[in-house]
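Visitor: here you go, sequence then predicted model.
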Amino acid sequence: GESVGLHLPTLSVQEGDNSIINCAYSNSASDYFIWYKQESGKGPQFIIDIRSNMDKRQGQRVTVLLNKTVKHLSLQIAATQPGDSAVYFCAENTLGNYGGATNKLIFGTGTLLAVQP
Amino acid sequence: GAVVSQHPSWVICKSGTSVKIECRSLDFQATTMFWYRQFPKQSLMLMATSNEGSKATYEQGVEKDKFLINHASLTLSTLTVTSAHPEDSSFYICSARKVKVRQLTDTQYFGPGTRLTVL
């Protein structure tokens, strides 16, 4: 049959501006969340993670915010650079009894970040 | 570091042939590896979980006889696409889970992917 082209949600920002990428997750039992960056033709690259006992975590130029009440996750990128252009995926996982993540990762649909010079 | 490699990075094959893709964790041991496939402009879809020394666990809808997984060592898992057809053309990505001792989280590190094109 005829295939229908899919379009990733796109966020277009100017270089130097801050970017906010949002993600809604599905499983209320998920308690570990990760953001990945995927450049064209490459595998996902780990950016930052957060456990459910936190609502904010900061890295270098990136901040992840978690709102468990509404099952929402966001990634903030400060001073966005052209090298930040990529598709960003959030992923959810569930920690096992011993504390290690035992279940599979469930990926969101992804957001294409386009940085305009 | 936590580096995961895949080989080959791309492969073109004729319909009906089998293709093997390797996934290696280069600087850590991984008791669990995962295989994903990704179509253009779509998200990653988990195909199977590969456990060292035991049978892989396949996701619903993934044919285990078509996608053979072997996790022979703590640093190597292979995915063999048997009797490949054009609809199997996709981007196949593996990941390896690095367990952090005495920490309560672990992270999957992804390989660079393998682009399979079946003619």
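Guide: Yep, that arrived. Numbers count the residues shown, from 1 in each chain, chains lettered A, B, ... in the order given.
Visitor: which stretches in chain A count as strands?
Guide: With DSSP state E, the ranges of strands along chain A come out as A:10-14, A:19-24, A:32-38, A:45-51, A:56-58, A:62-67, A:72-77, A:86-93, A:106-107, A:111-116.
Visitor: closest to residue B:80 out of these?
Guide: Checking the strands of chain A against residue B:80 by CB to CB gives strand A:106-107 as the closest, at 23.9 Å. No exception for glycine: its C-beta is placed from N, CA and C like everyone else's.
Visitor: and the contacts of the closest one?
Guide: The contact list for strand A:106-107 (CB atoms under 8 Å, 6 or more residues apart in numbering or on different chains) reads A:25-27, A:30, A:36, A:89-93, B:43-46.
Visitor: mean pLDDT for the strands of chain A: which is lowest?
Guide: For those, the weakest mean pLDDT is recorded on strand A:106-107, namely a mean of 90.
Visitor: flag every residue of chain B that's near chain A.
Guide: By the rule CB under 8 Å from any CB of the partner chain, the part of chain B lying against chain A is B:4, B:6, B:34, B:40-46, B:49, B:59, B:93, B:95, B:97, B:99, B:103-113, B:115.
Visitor: what's the weakest-modelled helix or strand in chain B?
Guide: Ranked by mean pLDDT, DSSP states H and E, the helix or strand of chain B with the weakest confidence is strand B:106-110, at a mean of 82.
Visitor: what sits against residue B:45?
Guide: Residues near residue B:45 by CB under 8 Å, 6+ apart: A:107, B:36-38, B:59.
Visitor: pull out the buried members of those.
Guide: Using 16 or more other CB atoms under 10 Å in any protein chain shown as the burial test, the contacts of residue B:45 include A:107, B:36-38 as buried.
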